Structures are given as C-alpha cells and as structure tokens.
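> predicted model and sequence below, questions to follow.
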Amino acid sequence: MAETEIEWTDSTWNPVAGCSIISEGCKNCYAMEMSKRLESMRVEKYIGLTRQTGKRVVWNGVVREDEKSLTTPYSWKKPRKIFVNSMSDLFHDDVSDEFILRVWNVMRETPRHSYQILTKRPGRMRDIISTKINDILPNVWLGTSVENADVLHRIDSLREVPAAIRFISFEPLIGSVAGVDLGGIDWAIVGGESGRAARPIKECWIDEIYEQCLISETAFFFKQWGAWGKDNKKRSKKDNGREYRGRTWDEMPITIVDPSQQASFR
Ligand code: SF4
C-alpha cells in the first residue's frame, strides 16, 4: 500500500503547495528542494514557489490552493493512512478558511481513510476547527511539530483542538524538550534530521520523550536517526537505521474504525 517513504503513513495528499519558514525546524525543509525538483519536471502546481539564495533553495512566499487535488482521496478505493500536506502546511495564513473547509469536507466524505494533518501553526488550526468546523471526525488525526523547547507552546494549542487523535512529530529533533507534558497526546513520532546540512540528534533527548510517553501512555514511534547516529557520527540515514534501545518502535495510536467502511472496501 505504501506510496511514500514516510514510515508512519501510506500516502501523501497535497491540496496546498508552497509554504514559508516559521521556526528552526523549517531551516532544512525538504519540501523546498522537492518543490524545485518538481518545478523542473514541469509539475504545474509547484511552478514558481521557490527562489535560489546562494546554494540554497528557499520558499518565495507563494502558497497555492490546488483545486485539482481536492478529489484525489475519492479515487483511492481501499482505506489508507493519508498524510495531508507533506509539502506545505494546511493552516498557513495564506490558505483561505474556505479552502480548509473544503479539505475538511473531503475527509468527512471519505471515512474509509485516516487523515494525518501535521502543522506548525496549531493556533490557527485550533481557531478554525473550534469556530468554523465544530466537528470531530473519527478519521482525522491532528498533530503539531515540535523541534525543540522554543516551540513547546504548540502542544498547548494542540490540546485545545477538538480531535479524535492528537499527535506530535518531534522531527527533526534538534534540542532537548525535557519534561514535555504529553498528557492528552495519543501518539509521538521522534526522528533526527537527514540531508547535507542536518543537525545532530542526541540519544538523551529521545530518552526524555520516551519516558514521558510511558507516563502519559502515549504511543511511541521512532522514525529514524537521520544523518547523525547514536554515537554522534555522521553517516547515511540508511546506515544509522531506525533502532533505539536495541529495537524498532512502530507504535500507533488506538483508533476508532467504522467496521462498515472497512468491510465495504476489502
Ligand atoms: S511549516 Fe513545514 S512545509 Fe512549511 S516551511 Fe516549515 S517544515 Fe516546510
């Protein structure tokens, strides 16, 4: 089923293209380079989203709502886990409320799928869902990214969002989040950064999250070491692998599945 290399999902769906940097975790955002590559392949929705600065490709501030992508999940007949906007942020200020509501409607009309929405703007996510949507869909998981202690406040916003499943992506983990409160959080993903300019992850930072997962009964998923291994040496992501404490960790949150939907698409 998996159509992506992202270990915790089956497919990606990108109704929005383009974004802008909001915090340290965005510094080496893979979506900037990827957008440039897709532009060179003349993929329409990625044309004109980035600019070159020295050797780096960065966003140029254009954020595009992609009408054509809105229907994609209807065409996937078998249930799948779908990461929404792997190449952008659905709750970016330049995505209109109206478009977000249309994305929500697609998710409502396709309950056979589980949607994983990850944002670095959980304040806007909370405001829109609480005031304009007011609807908890059992097949929609809402998450925020936390790369270091500077952005721990995002977790408080996430806790205020009405949601069936709440999750946090601690990736790229580039600093300690010692004592992080995971109360009310169903799932935590942890991973180091990859790529040429990757910043190191430390095992003790992973320990801090793992221990809080035990306390809060939060499912723990260790995605990767990335470019820096457990021994603090740089090598390929593949060579560093996915083991932590001598094993892989692929825990997932407990979800409510509608049996009628599952049965009809087997
Ligand atoms: S919010 Fe996500 S997509 Fe946007 S710049 Fe940051 S890492 Fe990239």
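Perfect, I can see it now.

> could I get the contacting residues of the closest residue to residue 201 other than its chain neighbours?
Distances taken as C-beta to C-beta, 6 or more residues apart in numbering place residue 192 nearest to residue 201, at 3.4 Å, with adjacent residues excluded. C-beta: built from backbone N, CA, C; applies to glycine. By C-beta atoms under 8 Å, 6 or more residues apart in numbering, the residues touching residue 192 are 171, 172, 173, 198, 200, 201, 224, 225, 226, 227, 228, 240.

> so the residue nearest to the spatial centre of the chain bridges to which residues?
Compute the mean C-alpha point of the chain, and by C-alpha atoms, centre = their mean the closest residue is residue 118, 3.7 Å away. Beta-bridge partners for residue 118, by DSSP bridges, are residue 143.

> I'd assumed residue 92 was in contact with residue 20.
Yes. In this structure, residue 20 is within contact of residue 92 by C-beta atoms under 8 Å, at 7.1 Å.

> coming back round to it: wait, doesn't the residue nearest to the centre of the chain sit right on residue 171?
No. If you go by C-beta under 8 Å, residue 118 and residue 171 don't touch, sitting 9.7 Å apart.

> need the overlap of contacts for these two.
By C-beta under 8 Å, 6+ apart, the residues touching both residue 118 and residue 171 are residue 145.

> please enumerate the helices of the stretch 151-266 of the chain.
Applying DSSP state H, counting those that start in this stretch to the stretch 151-266 of the chain gives helices spanning 153-159, 203-216, 237-240, 259-264.

> for those, which one sits closest to the ligand?
Set against the ligand and scored by C-beta to the nearest ligand atom, the helices of the stretch 151-266 of the chain come closest in helix 153-159, at 11.3 Å.

> partner residues bridging the residue nearest to residue 96 when sequence neighbours are not counted?
If the residues on either side of it in the chain are set aside, residue 96 comes closest to residue 65, at 6.9 Å by C-beta to C-beta, 6+ apart. With DSSP bridges applied, residue 65 shows beta-bridge pairing to residue 16.

> correct me if wrong: residue 65 contacts residue 14.
No. Judged on C-beta under 8 Å, residue 65 makes no contact with residue 14 at a distance of 10.8 Å.

> sec struct for residue 127, please.
Classification of residue 127 by DSSP: H, G, I helix; E, B strand; the rest coil places it in helix.

> which residues touch residue 220?
Taking C-beta under 8 Å, 6+ apart, one finds 188, 190, 209, 210, 213, 249, 251 in contact with residue 220.

> who are the contact partners of the nearest residue to residue 245 once chain neighbours are set aside?
Of all residues not flanking residue 245 in the chain, residue 210 sits nearest, at 7.7 Å (C-beta to C-beta, 6+ apart). Residues counted as contacts of residue 210 (C-beta under 8 Å, 6+ apart) are 190, 220, 244, 245.

> without its sequence neighbours, what residue ends up closest to the first one?
Right, residue 190. residue 170 (4.6 Å).

> up against the ligand, what does this protein have?
Proximity of the chain to the ligand, by C-beta under 6 Å from any ligand atom, involves residues 19, 21, 22, 26, 29, 31, 88, 89, 120.

> good, wrapping up.
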